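1. Structure, please.
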Amino acid sequence: MQNQSEGRRFLNPSILARIGNLELIAKFVVEGFISGLHKSPYHGFSVEFAQYRQYMPGDDTKHIDWKAYARTDRYYIKQFEEETNLNCYLLLDTSESMAHPVDDIPENEATDQGAAAQTLTKLQYSSYLIGSLAYFMAKQRDAIGFAYFDDTLHQYFPARSSTSHLHSILLTLETLQTAKTTRMGMPLHQVAERLTKRGLVLFISDLYDENQEEVISGLEHLRYEGHEVIVFHVLAQQEIDFANFETGRSSEALIRFIDAENDAEIITTPQAIQESYLNNFNAFLETYRLALRQADIDYNLITTATPIDFALASYLAKRQGIL
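-> The predicted structure is shown next:
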């Protein structure tokens, strides 16, 4: 138990950042996640019946076909082969708000690992999610598609299952930069129109957009086309509880707040606007929760302190539910 707990601690995204290479991060996360499962992630799906063969001593008896035994009075084993029957499309928001830095890991945890705490952005955290999910899907021989956008669809990779395709996606993730403007509704509609085969769509974003209705409409379009849709709503803890702005300063100290996407700013104390902020923020969350639930879209709020394998577990639970 101790070893498993220690292994999971390395899935802290700020610790993963010290690995540097995204492919190594993805491999580290996925292999740790798979080894930590009580059951194989391949059991129950991603396989199809291939043929029978006669039972041999040492074979696992759980694969014996007892109906065949009743008919023939002989033991036969069912053989299966992995199948690629699922297209998975990974969509990423690269608007400027995703460049917001997340909280550092706790100092004592950084000390335990022999290095200083490291600050990430929501985009980096989301790239780890995308990279790990893509790597996980590739191990299951699923076809992977990828697109990223802000107010424009910048790049779209059709779903493929080759290793070179996975490498192209990981390399693209390592070079992403944010853009000032956000209007995700139109790119979501464009992606929906490009996807020719039904599959599983995972959208990772902080969902900050001046027109929530357009974003919801774009996600509903994907659902209307027959795709299963999962939304990972990635936020920093600071955004959720409106706290920890400058450690050691009085709660009445003046702080400059700047909008990442339009550069609007106000100078005030956190205490003066906290109640208004939290009311508006909670209304923002509730709008998405209710609308996506009504559209039969799986909504998952994830903070940037969440271990990356949580997203893999959410994906796996969703996939098992639809296959």
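
2. what about the spatially most central residue of the chain, helix or strand, and which?
-> In the chain, the C-alpha nearest the mean C-alpha coordinate belongs to L129, at 4.3 Å (CA atoms, centre = their mean). Assigned by DSSP states H and E, L129 belongs to helix 122-139.

3. list the helices and strands that helix packs on?
-> Judged by 3 or more CB pairs under 8 Å, 6 or more residues apart in numbering; DSSP states H and E, helix 122-139 is in contact with helix 13-16, helix 22-36, strand 87-93, strand 143-149, helix 163-174, strand 200-205, strand 228-235, helix 309-322. Bear in mind the C-beta positions are built from the backbone N, C-alpha and C, glycine included.

4. roughly how far is it from the heart of the chain?
-> 6 Å (CA atoms, centre = their mean, to the nearest Å).

5. okay, the angle between it and helix 309-322?
-> Between helix 122-139 and helix 309-322, the angle comes out at 50 degrees (axes from the mean of the first three to the mean of the last three CA atoms, to 10 degrees).

6. pLDDT on helix 122-139, on average?
-> Averaged across helix 122-139, pLDDT comes to 91.

7. Kindly format the C-alpha coordinates of that helix as CSV.
-> Taking C-alpha atoms only, helix 122-139 is exported to CSV below (Å, rounded to 0.1, in the frame of the first residue of the first chain):
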residue,chain,number,x,y,z
LYS,A,122,-4.0,25.5,-16.9
LEU,A,123,-2.9,25.0,-20.5
GLN,A,124,0.2,22.9,-19.4
TYR,A,125,-2.0,20.9,-17.0
SER,A,126,-4.6,20.3,-19.8
SER,A,127,-1.8,19.3,-22.1
TYR,A,128,-0.8,16.6,-19.6
LEU,A,129,-4.4,15.4,-19.6
ILE,A,130,-4.6,15.3,-23.4
GLY,A,131,-1.2,13.6,-23.7
SER,A,132,-1.9,11.0,-21.1
LEU,A,133,-5.4,10.3,-22.5
ALA,A,134,-3.9,10.0,-26.0
TYR,A,135,-1.2,7.6,-24.8
PHE,A,136,-3.7,5.5,-22.9
MET,A,137,-6.0,5.3,-26.0
ALA,A,138,-3.1,4.4,-28.2
LYS,A,139,-2.3,1.4,-25.9
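
8. circling back: mean neighbour count and mean pLDDT for the helices and strands packed on helix 122-139 - can I get that in a markdown table?
-> Formatted as a markdown table, these follow (neighbours: other CB atoms under 10 Å; pLDDT from 0 to 100):
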| stretch | mean neighbour count | mean pLDDT |
| --- | --- | --- |
| helix 13-16 | 22 | 71 |
| helix 22-36 | 19 | 77 |
| strand 87-93 | 25 | 95 |
| strand 143-149 | 23 | 95 |
| helix 163-174 | 16 | 92 |
| strand 200-205 | 25 | 95 |
| strand 228-235 | 22 | 94 |
| helix 309-322 | 17 | 75 |
